[in-house]
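>>> A structural model of the following input is requested.
(2 chains)
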Amino acid sequence: MSLKAYLPLMIRAGSFITVLALLYMFGSINSIFICSILITSTFVTLLKIKGAGSAVSYLLSVVIILGLTYFFMSLYGIYHNITFIGYYSVFILFFGTITDIELLYTIRHGRSRLIYVLLALKIYGVIIERYYRSLEMNKALLGRQRTVFLKGIISTLQSLPYLTFRIAEYLHTHLPYVMGQEANLEK
Amino acid sequence: MAQVIIRFNNAMLRVGDHVAHISNIIAKSPGILYIRGPNGSGKTILLKTIVGLDEINEIFYTGIKVEPENTRKWFVPQEPWLITLGDIGYDELWLISHDNYTPPGNEQLIKEILAKKIGYMSYGERKILEIIKAHGIMPDIVCFDEPYSGLDEKYSRLARMIIEDLSRQALVIIATNKENVFPEGHEARVMAGSLGEVIDPPTPSPTSGKIIIEKLIITRGKKRIKIRELRLRSGEAATIIGPNGSGKTSTLLAIAGALKYKGRIEIKGKTGFVPDDTLLVSPGVTLRNVIDNLCKHRKECVEHSSNTLRELGVEDDDKPYVTLSDGQRRLALLIPQLFSNRSVLLLDSWLEGIDSLRRKVIYDLINQYLEGGGTVITTLPRGEELDVIEGLPSPYD
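Residues are numbered from 1 along each chain as shown, chains lettered A, B, ... in the order given. Here you go, the predicted structure:
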């Protein structure tokens, strides 16, 4: 296999390392979401290079995400909830979509594809904005010392399930109305 | 719109170890049901149960019945959502409401809010956007969690108008810890919750602080925030007053050294900070971690903070920070900073989200902090322009 085939993997792995470095330096709530996207994306690309089909690689990604989610949740020993795990997987796959154009072509209807991409891009954009906001707040509260930020990073990693809960609640309340709006448009 | 009925019949809610009980009530649409209770009494989990978020949050409940079952429900949280699908207010509204929707109230003001980029909105502006969205959907049941907290007079008026309009067609349920939000003729159902028997927290012992600000200019996007002069000596307090979006939080962030600015800021001593959106900071995983980190592991500070928080009803040290209620998180951030030798305290949205039972204790503690030589800057969402007034306003004025 040529080096060119590994290029997407190298780009994604590079982005993943960059984000991890940023996470180490600044430590903030939303860095972990960006990491999750890139972990999933890198994994999917790796599987494709190894010859697995799109459906197989996504299925395996979901299995890995479920495992990671269960691990994070078991750190608290509180939440073992199927609905939550389902939302978490959907949430991460939204982001996977951004870096995987191939999946978009499997969605046949133009409007559904548009809304799917819109959802993913909007969530992604807002999370980056929120990252900068939380960075400012953490600096004001915890100061600039590196040790404090390392503690912040650990707490950020462990807060992942709870942040996902809030996002799951948003999707749970909003998506039925968003889809309703899509149906109206198609009439 | 068909009539909707919610029956609470010896209702009980349980999340983990936390149990809440609700007296027998029947609420029908259209109308408003107020539910009042102190921080941590279970108001939010009740609202989440009503709108069907019980499964996600693993809330176990009995004795709550909504008729008919296929009712359209909506929830407006106390803190604005972590994410939004829309880029500006109009996008977010368009995605969920019908095409020709126009919200009631001051047309110009609503246009200004909806045209704004959500990422640049202040806490109060994002809250008012969520209230407009609820009206845009016009569900059968809409649950508001502390809808008026953090809003200035202008937005508070608009929020009341929109909620009142909603209540003419839908069943509106409002949860709050405040006693003065009920219009004449409305009664609140009270959820149980109280302070410990005796509240006698230790006295804060700050180091002497001082702040000098001259010709301060902070630029955030297109907005420029200017403060000509502010001088505070040890034992003095000032309150920055301004409407939502006027730059109060940015000013505090600049003073704390988290934002770039032009001009002069001179601070004697260490600063402490309590943000308006308590979910934006991650000072620790559990309550114990938060206290440890903010106290810098000083034994006396940790002991005083834990005891005071326990007396204020924030008891479980192993509870994750993010699962505390908004008022409890605010206390968890404030109390350790009072006992950790910080000379200057920057408190965004002074006493918002803290119930009346705990307000007096906090007010007394802050006054003791000032008497001990500390310096305090707080913010209030009132007034038409960004302004600085001297002194610490009483929560009872």
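>>> Tell me how many other residues crowd the residue lying closest to residue B:86 once chain neighbours are set aside.
In space, and not counting its chain neighbours, residue B:86 is closest to residue B:92: 3.1 Å by Cβ to Cβ, 6 or more residues apart in numbering or on different chains. Using the backbone N, CA and C atoms, a C-beta is placed for each residue, glycine as well. By the criterion of other Cβ atoms under 10 Å in any protein chain shown, residue B:92 has 24 neighbours.
>>> Which of the helices or strands spans residue B:92?
Using DSSP states H and E, residue B:92 sits within helix B:89-96.
>>> Packing partners of the next helix or strand after that helix?
As assigned by DSSP H and E, the chain's next helix or strand after helix B:89-96 is helix B:107-115. With contacts defined as 3 or more Cβ pairs under 8 Å, 6 or more residues apart in numbering or on different chains; DSSP states H and E, helix B:107-115 has these neighbours: helix B:89-96, helix B:123-137, helix B:153-167.
>>> now with 7 Å?
With contacts taken as 3 or more Cβ pairs under 7 Å, 6 or more residues apart in numbering or on different chains; DSSP states H and E, helix B:107-115 sits against helix B:89-96, helix B:123-137.
>>> can you pull the buried residues of it?
B:110, B:113-114 (16 or more other Cβ atoms under 10 Å in any protein chain shown).
>>> Give me the most central residue, chain B.
Here the mean C-alpha position of chain B is nearest to the C-alpha of residue B:353 (Cα atoms, centre = their mean), at a distance of 4.3 Å.
>>> what bits of chain B have low per-residue confidence?
By pLDDT under 70, the low-scoring segments of chain B are B:1, B:98-99, B:180-199, B:383-386, B:394-397.
>>> Around chain A, pick out the residues from it.
Within reach of chain A by Cβ under 7 Å from any Cβ of the partner chain, chain B has these residues: B:16, B:51, B:53, B:55-58, B:74-75, B:81-87, B:95-96, B:118-119, B:137, B:253, B:256, B:258-259, B:273, B:275, B:280-285, B:289, B:293, B:320, B:322-323.
>>> Which helix or strand in chain A has the lowest average pLDDT?
In chain A, no helix or strand scores lower on mean pLDDT, DSSP states H and E than helix A:101-104, which sits at a mean of 46.
>>> what stretches of chain A score poorly on pLDDT?
Across chain A, the ranges flagged by pLDDT under 70 are A:1-132, A:144-165, A:178-187.
>>> can you map out the helices along chain B?
B:43-50, B:89-96, B:107-115, B:123-137, B:153-167, B:248-255, B:287-295, B:299-311, B:326-338, B:356-371 (DSSP state H).
>>> thought residue B:143 was touching residue B:51?
Yes - taking Cβ atoms under 7 Å as the definition, residue B:143 is a contact partner of residue B:51 at 5.5 Å.
>>> what about the residue nearest to residue B:333 when sequence neighbours are not counted, neighbour count?
In space, not counting the residues next to it along the chain, residue B:333 is nearest to residue B:274; the distance is 4.8 Å by Cβ to Cβ, 6+ apart. Per other Cβ under 10 Å, the neighbour tally for residue B:274 reads 24.
>>> partners of residue B:274 in the sheet?
residue B:347 (DSSP bridges).
>>> pretty sure it contacts residue B:331?
No - assessed by Cβ under 7 Å, residue B:274 is found out of contact with residue B:331, at 9.4 Å.
>>> quick one: the nearest residue to residue B:67 once chain neighbours are set aside from chain A, how far?
Spatial nearest neighbour of residue B:67, excluding adjacent residues (Cβ to Cβ, 6+ apart): residue B:5 at 4.7 Å. Residue B:5 is 22 Å from chain A, where distance means Cβ to the nearest Cβ, to the nearest Å.
>>> Over to residue B:135?
Residue B:135 is 13 Å from chain A, by Cβ to the nearest Cβ.
>>> cool, and residue B:230?
On the measure of Cβ to the nearest Cβ, residue B:230 and chain A end up 17 Å apart.
>>> Report how many residues lie close to that residue.
Using other Cβ under 10 Å: residue B:230 sits among 18 other residues.
>>> Is it in contact with residue B:214, as I believe?
No - using Cβ under 7 Å, residue B:230 is not in contact with residue B:214, being 8.3 Å away.
>>> how about residue B:284, phi and psi?
In terms of degrees, to the nearest 10, the main-chain angles of residue B:284 are phi 170, psi 160.
>>> List the contacts of it.
The contact partners of residue B:284, by Cβ atoms under 7 Å, 6 or more residues apart in numbering or on different chains, come to A:155, B:290, B:292-293, B:321.
>>> how about those in JSON lines, adding distance to residue B:363 and neighbour count?
JSON lines is the format used below for these (distance: Cβ to Cβ, whole Å; neighbours: other Cβ atoms under 10 Å in any protein chain shown):
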{"residue": "A:155", "distance to residue B:363": "30", "neighbour count": "23"}
{"residue": "B:290", "distance to residue B:363": "22", "neighbour count": "26"}
{"residue": "B:292", "distance to residue B:363": "26", "neighbour count": "21"}
{"residue": "B:293", "distance to residue B:363": "26", "neighbour count": "20"}
{"residue": "B:321", "distance to residue B:363": "24", "neighbour count": "25"}
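>>> Nearest to residue B:172, out of those: which one, please.
residue B:321 (30.8 Å; Cβ to Cβ).
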